[in-house]
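# my questions concern the predicted model and sequence given below.
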Amino acid sequence: MTAQSGKQVFSATHQLLKNRDTLILSELKTEDSQYENETSVIINNFENEVAVSLGIISFKTVEILEKSDSTTVFIDKEKLKLPLTVRHWKEGDYFYPLGMQGKKKLSKYFKDRKLSLLDKKKVLLLCSQDKIVWVINHRADDRFKVTNQTKSILKIKLS
């Protein structure tokens, strides 16, 4: 209990993680290592659904902007450059959180959101070229938001 946050202890079957004032015990599964070893997924068009470790990402062009949440974002389709990539975050990644001024490093964003080490390993990013479009299940990037000048709205949903 007195260990520094982020410290881990492993057994043959489990992992114990010190996360701030709590201990998180998780079973070691082959899918846990999948998060670390999963390669990038390339998306060449908006016509197919794409399977990723968190679920299925679907794309749909819509006329009207609806309410978005952590699993659904609305993007200015013309600002995207294909192919898109779904990948894990890495040190040094940054984005411009929707509704905020300026950029923010993902490591700082995760710290502010109080994500555990286990949760950080599972985070996926949807990227257009080298720019983060969406921190999947968290927040969209302000550079791709729908504006009054938007001609085509793309709904991206994780289910």
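Great, that's in hand.

# so what strands line up beside the lengthiest strand in the chain?
Secondary structure of the chain per DSSP state E: the longest strand is strand 55-62. Its sheet considered, strand 55-62 pairs with strand 50-52 (antiparallel), strand 153-158 (antiparallel) by DSSP bridges.

# my guess is E78 meets T147, correct?
No - applying Cβ atoms under 8 Å as the test, E78 and T147 come out as separate, 10.7 Å apart. The C-beta positions use only the backbone N, C-alpha and C, and glycine is treated the same way.

# higher neighbour count, those two?
E78 (13 against 7; other Cβ atoms under 10 Å).

# and the more buried one, helix, strand or coil?
Under DSSP: H, G, I helix; E, B strand; the rest coil, E78 falls in the helix class.

# which residues touch it?
150-152 (Cβ atoms under 8 Å, 6 or more residues apart in numbering).

# quick one: which of these is most hemmed in?
Most neighbours among those, by other Cβ under 10 Å: T150, with 16 neighbours.

# in this structure, what secondary structure element scores lowest on mean pLDDT?
Taking mean pLDDT, DSSP states H and E as the measure, the chain has helix 30-37 as its least confident helix or strand, at a mean of 47.

# after it, next one along is what?
strand 41-43 (DSSP states H and E).

# got the confidence number for G6?
At G6, the model reports a pLDDT of 72.

# unless I'm mixing things up, it is touching K120, no?
No - G6 is beyond contact range of K120, at 10.0 Å (criterion: Cβ under 8 Å).
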